[in-house]
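Participant: Sequence and predicted model, in that order:
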Amino acid sequence: MPKLKTNKAMKKRFKITGTGKVKRQRTKRRHLLADRPQSKKRQFRKGVMVDKTDVKRILSNLPYGD
């Protein structure tokens, strides 16, 4: 059976935790940061888990858990 290809865009955006959950970074951290409160900018630093409705689609593009 041939090797499965990993989607490189997904590999850059998502990480798989040790328990198999999918983690992603928050949005709104690239530009226009002067307009946002410091508390919001702190909250955006943390990663969050992907919604369960998207997990199957993401994992199918990361066949080896990259």
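Facilitator: Thanks, I have the structure now.

Participant: Show me how far the longest helix anywhere in the chain is from its chain's centre.
Facilitator: In the chain, with assignment by DSSP state H, the single longest helix is helix 52-61. For helix 52-61, the gap between its own C-alpha mean and the chain's C-alpha mean amounts to 11 Å (C-alpha atoms, centre = their mean, to the nearest Å).

Participant: try stretch 24-33
Facilitator: 13 Å.

Participant: And for stretch 53-66?
Facilitator: 11 Å.

Participant: Give me the residues contacting it.
Facilitator: 4-7, 10-11, 14, 16, 21-22, 50 (C-beta atoms under 8 Å, 6 or more residues apart in numbering). C-beta coordinates here come from the backbone N, C-alpha and C atoms, glycine included.

Participant: In the longest helix of the chain, which residues have enough neighbours to count as buried?
Facilitator: Judged by neighbour count (16 or more other C-beta atoms under 10 Å), helix 52-61 contains these buried residues: 55, 58-59, 61.
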